[in-house]
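> Got a sequence here, can you model it:
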Amino acid sequence: MIRDYRAADIDQILAIWLSASIKAHDFIESAFWESKISAMRDVYIPASETFVYEAEEAVVGFYSLYENNLAAIFVTPGSQGKGVGSVLIDDAKNKRDSLQLTVYKENTSSIKFYEKHGFAVLGEQIDEHTGHPELMMEYHS
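Model prediction:
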C-alpha cells in the first residue's frame, strides 16, 4: 500500500536509502552515502513530497518528488525485483504530467528500469558531488 510519508517513517526511509544506494552504486565509496544521511534527514526529505510503500506494517520502499523531479525512488534490497519499484514509479507518474530525474550512467539496471517505465534520456552531465557521469531522463504522460 502506498501512503503519505509520516515523520515516524524517517529511520526506515534512511535505512532503505542507505542500503539501496550502496548496493546500486558500488562504483562510489559507501562512506560517501553514509556522509549524506544527515542531509537526507534534515534537508532533502523535509523539502520533498515523499510517499512510502508499506507491506506488513513495514516500509519497504519510497519515492520523493521535488517539484517535477523524481528526486528519489528506493526499494529495500530484500524487496527488489518484486514489483514494488514499478508500483512506486507508476504512482509518481500519476501525480505529475512530466517527471525528470538523474541517474548515474554506471547504474545500468536503474536506467533500464526507467526506460521500461517510459523515461527517455535527455542528456548527460557530471555529478558535482561524486565526479561520476549521470544521465538526465524525462517522462511525459
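
> got the CA coordinates for stretch 124-141 in CSV?
Taking C-alpha atoms only, stretch 124-141 is exported to CSV below (Å, rounded to 0.1, in the frame of the first residue of the first chain):
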residue,chain,number,x,y,z
GLU,A,124,24.5,13.7,-19.8
GLN,A,125,26.3,15.7,-17.1
ILE,A,126,28.8,15.2,-14.4
ASP,A,127,27.6,14.9,-10.8
GLU,A,128,29.3,17.7,-8.9
HIS,A,129,29.3,15.7,-5.7
THR,A,130,31.0,12.5,-7.0
GLY,A,131,32.5,13.4,-10.3
HIS,A,132,30.7,10.5,-12.0
PRO,A,133,28.7,10.9,-15.2
GLU,A,134,24.9,10.9,-14.9
LEU,A,135,22.1,10.8,-17.4
MET,A,136,19.2,13.3,-17.3
MET,A,137,16.0,11.5,-18.1
GLU,A,138,12.4,12.6,-18.6
TYR,A,139,8.9,11.2,-18.7
HIS,A,140,5.8,12.8,-20.2
SER,A,141,2.3,11.4,-19.7
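
> Go ahead and name everything in contact with it.
Among residues not part of stretch 124-141, those counted as contacts by CB atoms under 8 Å, 6 or more residues apart in numbering are 27-28, 32, 93, 96-106, 111, 114, 117-123. (C-beta placed from N, C-alpha, C; glycine too.)

> what do you get for stretch 21-28?
In contact with stretch 21-28 (CB under 8 Å, 6+ apart) are residues 30, 33, 74, 77, 104, 106-107, 109-110, 130, 132.

> now the strands for this protein?
Across the chain, reading from the start of the chain, the strands by DSSP state E fall at 2-4, 49-55, 58-66, 69-75, 98-104, 120-126, 133-140.

> Narrow the contacts of stretch 21-28 to just the buried residues.
For the contacts of stretch 21-28, a burial check counting by 16 or more other CB atoms under 10 Å picks out 33, 74, 104, 107, 110.
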